[in-house]
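J.: I would like to see how this sequence folds:
(chains A, B, C and D)
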There are 2 protein chains.
Amino acid sequence: MNNVTLQDVAQAAGVSLATVSRALHGGYVSAEKRRRIEEAVHTLRYIPNQSAAALKRNRSRTIGHLMHFHDNLLASRVNAGLARAAHERGYSLFSVTSNGGGEDSRRMAEELISRRMDGMVVTSCRELPAETTAHLAEVGIPTVLIERWAPGAMGDRIRIDDVAGARCAVAQRLAAGRKRVAFIGCGDFSQEVERQRLWGYREALESAGVPEEIRLIRLTEDYTPEEGRRAMEALLESGGCDAVFCASDLLAAGVLQSLYRRNIRVPDQIAVTGYDNTVSAMLSPQISSVALDCDEIGRQAMALLLRRMDNPGLEEKEITILPTLIARD
Amino acid sequence: MNNVTLQDVAQAAGVSLATVSRALHGGYVSAEKRRRIEEAVHTLRYIPNQSAAALKRNRSRTIGHLMHFHDNLLASRVNAGLARAAHERGYSLFSVTSNGGGEDSRRMAEELISRRMDGMVVTSCRELPAETTAHLAEVGIPTVLIERWAPGAMGDRIRIDDVAGARCAVAQRLAAGRKRVAFIGCGDFSQEVERQRLWGYREALESAGVPEEIRLIRLTEDYTPEEGRRAMEALLESGGCDAVFCASDLLAAGVLQSLYRRNIRVPDQIAVTGYDNTVSAMLSPQISSVALDCDEIGRQAMALLLRRMDNPGLEEKEITILPTLIARD
DNA sequence: CTGAAAGCGCTAACAG
DNA sequence: CTGTTAGCGCTTTCAG
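T.: Next comes the predicted model:
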């Protein structure tokens, strides 16, 4: 069993427990004792008990990450970026994934509170009750919301400039001479993300002086290949197009399936652009997509957290991340 | 700040701290006091401090999950399955992802130890030093290794019957009348997983009385679309085939890209089967793939952990999970 | 530079 | 059924 404590190390090294603690935290300790302590730590395989440290310090050196389960690589990439950033700053990342809706997220958030996270990152959760973020604020846990959040949520934010991302992707097609660029995206405009992606599409058309055609805008319920396939079918039946901008790679995957079935070549006959760069490089053919720098997101999130830990009273801050188009065809 | 303690609740409810603790854990408490306590908990928004509880109990009610970062949905699905299973049993899941090699995994494992995980799951880590698993055993943390593990690693195991998975996938093609079924997979045969997938392929050929053709077996360095593409190119140049079994969906994605480029129709001219069912439903066309039941894996892992917690002395146990073929074409 | 000592918040005996 | 009490292992003053 694991029972090696500071006390044991102290005994083995012939010093007091306090000295060992100091040595471990880089305090003033004579070279000789430090050596003896290090040796004891090594031979006894001492591993500090974080529960005790956290209890005493009232800080866990851990950041909580709450995400909603979505069979999507993006979340795990953000998670990886966050983990790296946290680690660089001397924190660990405790990730939890909510499977259910608001009630579930709420429970997970409480769990993170009960573990006394020093900060909290909430990625793309439109379900987390605003009340829960308020609770976090109340108990003094800095919170950063990434990409999506429920209305009324409190905390610093990292938002993605999806208008720019979409605009850029569509502009590229127009610049390449495509005349009829379609939009396939989720039509849940209660969400800013969805509004932005459509808005970027429209802006690109407008800047290029291309009139908007209602027929070319296809809205889906959700981001799935099936929906993408269906939308593309409808689009083709209504008269076709020569390029499609999809508001997610999953939709684009469905679009490609539909085109494959009808033997319409991509990008020769129709060019397809995805969004989020999760599976775009795996599709046939590889398609262009709008990518997020997840390491950057992680770093910024940590920066926001640390800033607020130092100074809890600050106003809520919002950082905008600019996505970049990865051109593949 | 968050400073509501048991003591505060006790005061508010006019009972002793011990009574509150008992009430919270379902011990004997009179109905009246229980009511008052619940009320106090609610109005004060009391949230227990897990660090303190864990310190006292010397158990954290948390399972650690160590995985190696791989831009792959499988890991996050296993993670989700595990989280669900853990939650059902009253545990939380603390997931950490190692990005680097053995040194990094080792550090993460120590971090999990220092947080006094009650159990540990290691998914698909061929890098985790055997010595670290020994350390876990030594400090009494039950460990379950899923899918892959470094040689000499200690712990209960969940292995995937990849021989059966591959055999079944290949047999299906043969039964459908395909004559020249190729194999594209990673050639790192120091790993059991890789050996098994090739072995399953061979077994299927043998049972069907089809002679093995060395030309049809293409080995790659790794599981990436690029490698899949390259392998398929080579295969086509060497004379082609009428079906390909890929040891991973990512390889299959590359295979499809290569076929798309040459305008070879799937499955009419060549049928493609993937493995792991991560992206197979997103590809064009959707392809068959061998799937793992991640919820089942999670449940089994938890069962192994709990079993060993109750009885640490047990022999190491191995559970084999049978994958299933998802036929899509 | 070093050691003694006081808890952090909670659980789990142990006596009422 | 209820309250008192003794720590869990660690950090951090506070005196030497």
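J.: so A:V121 touches A:T62, yeah?
T.: No: A:V121 is beyond contact range of A:T62, at 11.5 Å (criterion: C-beta atoms under 8 Å). Backbone N, C-alpha and C define where each C-beta goes, glycine included.
J.: between those two, which one's more packed in?
T.: Of the pair A:V121 and A:T62, A:V121 is the one with more neighbours under other C-beta atoms under 10 Å in any protein chain shown, namely 31 against 22.
J.: Now do the same for that one: helix, strand or coil?
T.: Of the three states, A:V121 takes strand under DSSP: H, G, I helix; E, B strand; the rest coil.
J.: How much space separates it from DNA strand C?
T.: Taking C-beta to the nearest atom of the strand, to the nearest Å as the measure, A:V121 falls 24 Å from DNA strand C.
J.: any idea how far that residue is from A:Q300?
T.: 11 Å (C-beta to C-beta, to the nearest Å).
J.: after the strand or helix carrying A:V193 comes which helix or strand?
T.: Using DSSP states H and E, A:V193 sits within helix A:192-208. Counting by DSSP H and E, the next helix or strand C-terminal to helix A:192-208 is strand A:217-220.
J.: can you tell if stretch A:20-33 touches chain B?
T.: No: judged by C-beta under 8 Å from any C-beta of the partner chain, stretch A:20-33 makes no contact with chain B; its nearest approach is 11.9 Å.
J.: Can you list the buried residues in that stretch?
T.: Using 16 or more other C-beta atoms under 10 Å in any protein chain shown as the test for burial, stretch A:20-33 gives A:20-24, A:29, A:33.
J.: Also stretch A:203-222?
T.: Across stretch A:203-222, burial judged by 16+ other C-beta under 10 Å covers A:203-205, A:216-220.
J.: hmm, that stretch in reach of chain B?
T.: No: using C-beta under 8 Å from any C-beta, stretch A:203-222 stays clear of chain B, coming no nearer than 14.4 Å.
J.: could you dump that stretch to PDB, C-alpha only?
T.: Taking Å, rounded to 0.1, in the frame of the first residue of the first chain, the C-alpha atoms of stretch A:203-222 are listed here in PDB:
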ATOM      1  CA  GLU A 203     -20.600  39.000 -46.500                       C
ATOM      2  CA  ALA A 204     -18.400  37.200 -49.000                       C
ATOM      3  CA  LEU A 205     -21.100  37.200 -51.600                       C
ATOM      4  CA  GLU A 206     -21.800  40.800 -51.000                       C
ATOM      5  CA  SER A 207     -18.200  41.900 -51.200                       C
ATOM      6  CA  ALA A 208     -18.000  40.100 -54.500                       C
ATOM      7  CA  GLY A 209     -21.100  41.700 -55.800                       C
ATOM      8  CA  VAL A 210     -22.800  38.300 -56.200                       C
ATOM      9  CA  PRO A 211     -26.500  38.300 -55.600                       C
ATOM     10  CA  GLU A 212     -27.700  36.000 -52.900                       C
ATOM     11  CA  GLU A 213     -29.900  33.100 -54.100                       C
ATOM     12  CA  ILE A 214     -32.200  31.700 -51.500                       C
ATOM     13  CA  ARG A 215     -32.200  28.300 -53.300                       C
ATOM     14  CA  LEU A 216     -28.500  28.000 -52.600                       C
ATOM     15  CA  ILE A 217     -28.800  28.300 -48.800                       C
ATOM     16  CA  ARG A 218     -29.700  25.000 -47.300                       C
ATOM     17  CA  LEU A 219     -30.200  24.700 -43.500                       C
ATOM     18  CA  THR A 220     -30.000  21.500 -41.500                       C
ATOM     19  CA  GLU A 221     -31.100  20.500 -38.100                       C
ATOM     20  CA  ASP A 222     -27.700  19.300 -37.000                       C
END
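J.: what does the helix or strand harbouring A:R84 contact?
T.: Element membership for A:R84 (DSSP H and E) is helix A:73-88. Here helix A:73-88 makes contact (C-beta atoms under 8 Å, 6 or more residues apart in numbering or on different chains) with A:63, A:65, A:67-69, A:92-93, A:95, A:121, A:123-124, A:146, A:276, A:278-279, A:292-299, A:301-302, B:69, B:71-73, B:75-76, B:96-97, B:99.
J.: Make a ChimeraX selection of the buried ones in the residues you listed.
T.: One line in ChimeraX is enough to select the buried ones among the contacts of helix A:73-88; burial here means 16+ other C-beta under 10 Å:
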select /A:63,65,67,68,69,92,93,95,121,123,124,146,276,278,279,292,294,297,298,299,301,302 /B:69,72,73,75,76,96,97
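J.: Among the contacts of helix A:73-88, which lie within helices?
T.: A:294-299, A:301-302, B:73, B:75-76 (DSSP state H).
J.: What residues does the stretch 151-300 of chain A have near chain B?
T.: So far as C-beta under 8 Å from any C-beta goes, the stretch 151-300 of chain A lies against chain B at A:225, A:250, A:253-254, A:256-257, A:259-261, A:279, A:281-286.
J.: mind running it again at 10 Å?
T.: Contacts of the stretch 151-300 of chain A with chain B, taken as C-beta under 10 Å from any C-beta of the partner chain, map to A:224-226, A:228-229, A:249-250, A:252-261, A:263, A:265-266, A:278-279, A:281-286.
J.: Quick check on those residues: which are buried?
T.: Buried among those (16+ other C-beta under 10 Å): A:224-226, A:228-229, A:249-250, A:252-260, A:266, A:278-279, A:281-286.
J.: Correct me if wrong: A:C241 contacts A:L259.
T.: No: using C-beta atoms under 10 Å, A:C241 is not in contact with A:L259; the gap is 11.1 Å.
J.: Find the residues that touch each one of those two.
T.: Counting by C-beta atoms under 10 Å, 6 or more residues apart in numbering or on different chains, the common neighbours of A:C241 and A:L259 are A:232, A:269-270.
J.: May I see the ChimeraX selection of the buried members of the residues you listed?
T.: Command for ChimeraX that selects the buried part of the shared contacts of A:C241 and A:L259, burial taken from 16+ other C-beta under 10 Å:
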select /A:232,270
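J.: Closest to B:K179 out of the shared contacts of A:C241 and A:L259?
T.: Set against B:K179, the nearest of the shared contacts of A:C241 and A:L259 by C-beta to C-beta is A:Q269 (33.6 Å).
J.: Which elements pack onto the host helix or strand of A:V272?
T.: Per DSSP H and E: A:V272 is located in strand A:271-275. If contacts are counted by 3 or more C-beta pairs under 10 Å, 6 or more residues apart in numbering or on different chains; DSSP states H and E, strand A:271-275 sits against helix A:162-175, strand A:181-186, helix A:225-237, strand A:243-246, helix A:249-261, strand A:288-291, strand A:324-326.
J.: So for chain A, the centremost residue is which one?
T.: Geometric centre of chain A, nearest residue: A:V78, 3.8 Å, by C-alpha atoms, centre = their mean.
J.: any idea of the pLDDT on it?
T.: We have a pLDDT of 94 for A:V78.
J.: That one and chain B: what is the separation?
T.: 12 Å (C-beta to the nearest C-beta, to the nearest Å).
J.: The helix holding A:R84 to helix B:73-88, inter-axis angle?
T.: Helix A:73-88 and helix B:73-88 are oriented at 80 degrees to each other (axes from the mean of the first three to the mean of the last three C-alpha atoms, to 10 degrees).
J.: Near DNA strand C, which residues of chain A are found?
T.: Residues of chain A that fall close to DNA strand C, judged by C-beta under 7 Å from any atom of the strand: A:15-19, A:22, A:27-30, A:32-33, A:52, A:55-56, A:58.
J.: hey, what's in contact with both of A:V121 and A:T62?
T.: With C-beta under 10 Å, 6+ apart as the test, A:V121 and A:T62 both reach A:86, A:93.
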